[in-house]
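Trainee: Model the structure of this input:
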Amino acid sequence: MRILPGPLILFLPFLLLSQNNTTLNLLFEKAKEVDTKFDIANPIYEGKHPLRFPYQTKEQLIEKAEALTPILVALEAINTDLSEQDEINRQIRILQIKDEITTATYQTYLLPMNAEGGFYNAPAFFLSRLPFRRLEDYESYLRWLPSFAHYLTYNRQLLKDGVQRNIQLPKVLVHNTLSLLEKWTADDPMTHPFYDPIVKMPASFPPSRKQEIETKAKQILREDIIPAYQRLERFLKNDYLDAAPNEVGVRELPNGKAYYENRIRHYTTLDISPDSVFNTGLSEVKRIKGLMEGIIADLSFEGDFNEFLTFLRTDPRFYPSSPRELLSRAAWISKKAEGKLPRLFSNLYTLPFTVDPVPEEIAPNYTTGRYLQGNRKQNRPGTYWVNTYNLNSRTLYTLPALTLHEAVPGHHLQITLASEIQNLPEFRSNYYISAYGEGWGLYAEYLGEEMGMYTTPYELFGRYTYEMWRACRLVVDVGIHYKSWSREQAVQFMASNTALSIHEVNTEIDRYIGWPGQAVSYKIGELVIKSLRKEAEEALGEAFDIQVFHHEVLKDGAVPLSIVKRNIRHYIKSIAK
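Mentor: From the prediction side, this is the model:
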């Protein structure tokens, strides 16, 4: 199904007024009215207990897309000069609306999970946000918990609809899902992730009330939650898996080629083709491999590139001996990086961050690290997650690059500074644009060289292998989803060009299979930022100021790459006068 514009007459009131800022604000208000009508507020993500677990239905998604379509047409028709902030607002609203319409157009709501999880393990992410301090918190928790079973049932029906419409996840992701479901389907309520808050009840609670809460929680889990998870597991094993395709790319889905082209434009915020991304990736792989081979030569290693990768993957010196060692080293690198920031940035964040392990219930198929945004109003710091699962796959020589990307000067610095910008419209204040945010994260890894963060040839090789990893993404993501590559082809390409552990290579490839297009945003965004810096350095010479450059990149928060280009070129012009 495709969402098509209604009769042109619907757009005329917008188009006739589309030459002034008043109309822009009017369109924003109309879009907000649509949001208010169709969006389901989820207090959980604000650290509050809901009355029942809320979710949006596919009918609501489709109706919303239909309501947003004429607003999108009108926003795109505005062609007069706008203020800088109004133009940013317009472009971001267009990007958001297009993405929402895409969900309905290509029916991707029928794919409610990916390699890392989805609807069924969402509690692993949101339970830690909820307050569990007072008896009332636990009473609220047990009040809404049974309704989560309805949410599981609804998503199981979506998966059934997907089978009927030939819109399914490939077999490899179904197997991943079944392995991640094991913790959620076990018969013992006391081992269930939903029971974790009960285990941690404050000792100050009256014993009789603690007993009541424990008994009620076990009952809900036995009668509602665990049976719903087990029904989901049986459906996936007995029905969904048999019908799932072996092919791993979205090209095989109905309208899959067009969908992937759409995802490339969305995640890069540029009008570029998958073939252009693929060719850029091949070029970057060749360039970075030259840098990596230079380090191997400097180390006087007796062997070729592949033998050096084998050495890195098998020598125990490059791996932590315990989760504590890995976390401690990540925390130390984080603090060392913080000490370098004042030289490069004129404006720094006020919200601290912490270093924690990836929760064990999602760790096996989860990426090596991730950043979770903090919130000052909720007294929640930013969190740099480090995956401590399968320690012999967690390379220490890549840890500096990972830390710079996820913590500082990467995501924590960029996202926290963005959250402190005043007077942004609501639709913009918490919107994450992957090409910008992940491009900045990869640029932060590059900055590590200037910050003196890579202290051994192996750590520098780790920085290059991380950059190579992102360059390989351009190739394998397009290869998988647009050029009919097999999973094995993608694994082989990445394994032969990076020093990532084989476990990491496999989890990453599965991540790309389940999240088409997102993986290309990192390298494309970084290339734009680095090219703009080079442009500014060459144009300004001694007048170039790294702190000012970084301020210009970060000052508006997450924006399309076209806005970053505009800001830097305005900066160059203002200094060069």
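
Trainee: per-residue confidence averaged over stretch 36-50?
Mentor: Computed over stretch 36-50, the mean pLDDT rounds to 88.

Trainee: likewise stretch 558-567?
Mentor: The model assigns stretch 558-567 a mean pLDDT of 97.

Trainee: what about it, distance to the chain center?
Mentor: Offset of stretch 558-567 from its chain centre (Cα atoms, centre = their mean, to the nearest Å): 20 Å.

Trainee: cool, stretch 431-440 as well?
Mentor: 9 Å.

Trainee: Dump that stretch to PDB, keeping only the CA atoms.
Mentor: Listed next in PDB are the C-alpha coordinates belonging to stretch 431-440 (Å, rounded to 0.1, in the frame of the first residue of the first chain):
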ATOM      1  CA  TYR A 431      15.000  14.500  17.400                       C
ATOM      2  CA  TYR A 432      18.000  12.400  16.500                       C
ATOM      3  CA  ILE A 433      19.400  12.700  13.000                       C
ATOM      4  CA  SER A 434      21.700   9.700  12.300                       C
ATOM      5  CA  ALA A 435      23.900  11.300   9.600                       C
ATOM      6  CA  TYR A 436      24.600  14.200  11.900                       C
ATOM      7  CA  GLY A 437      24.900  12.400  15.300                       C
ATOM      8  CA  GLU A 438      26.800   9.300  14.000                       C
ATOM      9  CA  GLY A 439      28.900  11.400  11.600                       C
ATOM     10  CA  TRP A 440      29.900  13.500  14.600                       C
END
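
Trainee: Contacts only, for the residue nearest to residue 398 when sequence neighbours are not counted.
Mentor: Using Cβ to Cβ, 6 or more residues apart in numbering and skipping residues adjacent in sequence, the residue nearest residue 398 is residue 462, 3.8 Å away. In this view, the C-beta of every residue, glycine as well, is placed from N, C-alpha and C. Contacts for residue 462 were tallied using Cβ atoms under 8 Å, 6 or more residues apart in numbering; they are 395, 397-401, 454, 499.

Trainee: go with 6 Å
Mentor: By Cβ atoms under 6 Å, 6 or more residues apart in numbering, the residues touching residue 462 are 397-398, 401.

Trainee: measure the residue of the chain most remote from its centre to residue 135 for me?
Mentor: Computed with Cα atoms, centre = their mean, the residue of the chain farthest from its C-alpha average is residue 208, at 43.4 Å. Counting by Cβ to Cβ, to the nearest Å, the gap from residue 208 to residue 135 is 11 Å.

Trainee: tell me which residues of stretch 521-534 are tucked away?
Mentor: By 16 or more other Cβ atoms under 10 Å, the buried positions in stretch 521-534 come out as 521-529, 532-533.

Trainee: next one: stretch 249-269
Mentor: 249-253, 255-256, 259-269.

Trainee: just to revisit the earlier point, would you mind measuring from the residue nearest to residue 398 to residue 318?
Mentor: Look at residue 462 and residue 318: by Cβ to Cβ, they are 9 Å apart.

Trainee: which residues do the two both contact?
Mentor: residue 397.

Trainee: and the buried residues of stretch 521-534 as TSV, adding distance to residue 437?
Mentor: Shown next, in TSV, are the buried residues of stretch 521-534 (distance: Cβ to Cβ, whole Å):
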residue	distance to residue 437
521	8
522	9
523	13
524	12
525	8
526	11
527	15
528	13
529	11
532	16
533	17
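
Trainee: Among these, which lie within helices?
Mentor: Among these, the residues falling in helices (DSSP state H) are 521-529, 532-533.

Trainee: Which single one of the residues you listed is nearest to residue 78?
Mentor: Set against residue 78, the nearest of those by Cβ to Cβ is residue 528 (24.6 Å).

Trainee: Show the contacting residues for the closest one.
Mentor: Contact analysis of residue 528 by Cβ under 6 Å, 6+ apart lists residue 561.

Trainee: tell me the pLDDT at it?
Mentor: 98.

Trainee: what's the neighbour count on the closest residue to residue 306 other than its chain neighbours?
Mentor: Closest residue to residue 306 apart from its sequence neighbours, by Cβ to Cβ, 6+ apart: residue 496 at 6.8 Å. Residues lying near residue 496 (other Cβ atoms under 10 Å) number 12.

Trainee: buried ones in the helix or strand harbouring residue 496?
Mentor: Taking DSSP states H and E as the criterion, residue 496 maps to helix 487-497. Of the residues in helix 487-497, 487, 489-491, 493-495, 497 count as buried by neighbour count, 16+ other Cβ under 10 Å.

Trainee: Let me know the average pLDDT across it.
Mentor: Mean predicted lDDT for helix 487-497 stands at 96.

Trainee: So which other helices or strands are in contact with that helix?
Mentor: helix 457-482, helix 502-514 (3 or more Cβ pairs under 6 Å, 6 or more residues apart in numbering; DSSP states H and E).

Trainee: Redo those helices as JSON lines? Include mean pLDDT and distance to residue 223.
Mentor: Formatted as JSON lines, the helices and strands packed on helix 487-497 follow (pLDDT from 0 to 100; distance: least, Cβ to Cβ, whole Å):
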{"stretch": "helix 457-482", "mean pLDDT": "97", "distance to residue 223": "42"}
{"stretch": "helix 502-514", "mean pLDDT": "94", "distance to residue 223": "32"}
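
Trainee: So which of those helices has the densest surroundings on average?
Mentor: helix 457-482 (a mean of 25; mean count of other Cβ atoms under 10 Å).

Trainee: In contact with the spatially most central residue of the chain, which residues are there?
Mentor: Centrality entry for the chain: nearest residue to the mean C-alpha point is residue 434, 7.3 Å, by Cα atoms, centre = their mean. Residues in contact with residue 434 (Cβ under 6 Å, 6+ apart) are 267, 518, 521.

Trainee: likewise residue 158?
Mentor: Counted by Cβ under 6 Å, 6+ apart, residue 158 has contacts 110, 112.

Trainee: Show me where the protein dips below the pLDDT cut-off.
Mentor: Scanning the chain for pLDDT under 70 picks out the ranges 1-21.

Trainee: ranges for the strands of it?
Mentor: Ranges of strands within the chain are 113-114, 117-118, 353-357, 369-372, 382-386, based on DSSP state E.

Trainee: quick one, which of those strands is packed in tightest?
Mentor: Across the strands of the chain, averaging neighbours per residue (mean count of other Cβ under 10 Å) puts strand 382-386 on top, at a mean of 23.

Trainee: Compute the inter-axis angle for that strand and strand 353-357.
Mentor: Here strand 382-386 points in a direction 30 degrees away from that of strand 353-357 (axes from the mean of the first three to the mean of the last three Cα atoms, to 10 degrees).

Trainee: what comes into contact with strand 382-386?
Mentor: For strand 382-386, using Cβ under 6 Å, 6+ apart, the contacting residues are 327, 330, 353-356, 358, 369-372, 374, 406-407, 412.
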